[in-house]
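When you get a sec, could you give me coordinates for this:
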Amino acid sequence: MRRNHPWIFALFVLGYVLLSAGPAWERVRGARHARDFATYHYAAAQVLDGDSPYDTKGLSKRARQDKTRKSVHPYFYPPPFLLSVLWSPQFSLSTSYKLFFGLNQLALLLCFAVFRFWFRAPWVVIGVVAMCFTPITDNAKMGQVNVLVLMVAMLGLWLRSGTAVGVAAMAKMSPALYLFGFLAQRRWRPILTAIGTAFGLSILSLPWVDWNTQWRFYTDILPGFSTGHYHG
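Numbering: from 1, shown residues only. Presented below is the predicted three-dimensional model:
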C-alpha cells in the first residue's frame, strides 16, 4: 500500500489541477477587474498616498482612473491587514491578482500539510477535499484572503502560537474567536501574546493608517457589520 502512495498523491494533484486550480486560473487570467482582490489592491494604493482605505468612493475613483472597473467593493478589514498587500500597487491590478492567486495556492498547500501532520488526515480525504470543496475554487477565483488567513490561524492552533492567531485576527477579525479555546484551556500565554501581537501590528501600520482612521474602524465600521450600517 505504501508503494501506491506516490501514485495516489499524483492522481489527486492532477484532479485538483483539472477540477479546481485550472478552472480558477482561467478565470483569473482573463479578468482585468480582479474581482474581490481589487478592494485590497486599491485600499493599499489609498494608504500609500496618505488616504483612507475605508473611503469607498476613493477606491472606485482609482479603479476608474486605471480603467479597470467602474466601482470597487468597500474595504472592511482591520487596518493591519494592509501590511500584507502594500506590495500590490507596485504592479498593475491584473498582475497583482495573478500573483495573489499563486500565494493562495501556496497557502492551501500549507493548510493541507497541517491537516496531514496535525490530524493525520489520510491523503484520500485531503485529495477529495481539494477537488470537491468548491469554496477553495471560489477563493482562488475571487482573489480572496480566506485561505491565507486559515493557514495562519491553523498554524497558530497547531503550534499553540498566540502570535499566529493574533496575525490571523488582524487580517479578518473572526480568528480572534479561537482565543476562547485557549481561554477554556486556561492557556494565558497565547492569549496575552495574541493581544500583544494585535497591538504591535496596529502600531506597525500607523505610518500608513493613522490613529483616527484606526479608531474609526473599531468604533464605527466594525460595529456596523452586525447592524448593516456600513455600506448597507
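
what residues are up against the spatially most central residue of the chain?
By CA atoms, centre = their mean, the chain has its centre lying nearest to Val145, at 2.1 Å. Neighbouring residues of Val145 by CB atoms under 8 Å, 6 or more residues apart in numbering: 40, 77, 81, 171-172. Placement of C-beta: from N, CA and C, glycine included.

and of the residues you listed, the nearest to Thr193?
In terms of CB to CB, no member of the contacts of Val145 lies closer to Thr193 than Ala171, at 16.4 Å.

helices and strands around the strand or helix carrying that closest one, which ones?
In this assignment (DSSP states H and E), Ala171 forms part of helix 162-172. Applying 3 or more CB pairs under 8 Å, 6 or more residues apart in numbering; DSSP states H and E, we find helix 162-172 packed against helix 146-159, helix 179-184, helix 188-204.

can you give me phi and psi for Gln185?
Main-chain dihedrals, Gln185, degrees, to the nearest 10: phi -90, psi 0.

And it, what's its pLDDT?
pLDDT, Gln185: 93.

What is the neighbour count of it?
11 (other CB atoms under 10 Å).

again with Asn212
Asn212 is flanked by 8 other residues according to other CB under 10 Å.

Give the next helix or strand downstream of the helix or strand where it lies.
Using DSSP H and E, Asn212 maps to helix 211-216. Counting by DSSP H and E, the next helix or strand C-terminal to helix 211-216 is helix 222-227.

Please tell me how far that following helix is from the chain's geometric centre.
Distance of helix 222-227 from the chain centroid (CA atoms, centre = their mean, to the nearest Å) equals 20 Å.

same deal with stretch 120-139?
Distance of stretch 120-139 from the chain centroid (CA atoms, centre = their mean) equals 18 Å.

distance between the ends of it?
25 Å (CA to CA, to the nearest Å).

Can you give me the buried ones in it?
126-127, 129-131, 136-139 (16 or more other CB atoms under 10 Å).

Kindly report the same for stretch 188-197.
For stretch 188-197, by 16+ other CB under 10 Å, it's 190-191, 193-194, 197.

who touches it?
Residues outside stretch 188-197 that contact it (CB under 8 Å, 6+ apart): 156, 160-163, 165-167, 169-170, 176, 179, 182-183.

Then stretch 211-225?
52-54, 76, 78-79, 173, 202, 205-206, 229-230.
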